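> sequence and predicted structure, then a few things I'm wondering about:
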Amino acid sequence: MAVLLQVSFPGDCQTLSISGKSVPLEEILATIKSQAGVVFFYEGSVLQNAKPVTIDCKNVTLETALNEVFKSQPFTWVKEGKTVTIFKRPIQKILAEPVLKDPDRMEISKFEICFI
């Protein structure tokens, strides 16, 4: 006979409160680390382009706080257990799509090239 037991850790359900105006990202991460007990993992040069963070979160989950912290940063994050890994956000390609004002009517211009 097998028994399945699922254990939930209170640390995963705890809430965080963070507020500050134009605070360096490293300082915000230190606050999150002390409140949530997580470890941040990132390559040293990753945070070079970090912008100061303005945040006002009260009683939010870790995921909500991280989303708020990184929403205007060129980074993204992944949480695995008690480790939060920070990556540079991939550059997205912008493809120019033709915009048709009237999809039932398309104008085509004809160009002539003359060589003299």
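Perfect, thanks for sending it.
> alpha carbons only for contacts and neighbour counts from here, please
Will do.
> the closest residue to Thr83 other than its chain neighbours: what's it in contact with?
Leaving aside its chain neighbours, Thr83 sits nearest to Val39 (4.8 Å; criterion: CA to CA, 6 or more residues apart in numbering). Taking CA atoms under 8 Å, 6 or more residues apart in numbering, we find Val39 in contact with Lys33, Lys82, Thr83, Val84.
> test my guess that the second one contacts Gly37.
Translated: Lys82. Yes - the criterion here is CA atoms under 8 Å, and Lys82 meets it with Gly37 at 7.2 Å.
> can you lay out the contacts of Val39 as a markdown table showing pLDDT and neighbour count?
As requested, these are exported to a markdown table (pLDDT from 0 to 100; neighbours: other CA atoms under 10 Å):
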| residue | pLDDT | neighbour count |
| --- | --- | --- |
| Lys33 | 95 | 16 |
| Lys82 | 94 | 14 |
| Thr83 | 95 | 14 |
| Val84 | 96 | 17 |
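> give the buried residues for the lengthiest helix in the chain.
In the chain, assigned by DSSP state H, the helix with the most residues is helix 25-36. Going by neighbour count (16 or more other CA atoms under 10 Å), the buried part of helix 25-36 is Leu25, Ile28, Leu29, Thr31, Ile32, Lys33, Gln35, Ala36.
> so what touches it?
Identification of contacts with helix 25-36 by CA under 8 Å, 6+ apart yields 11, 14-16, 18, 38-40, 50-53, 62, 69.
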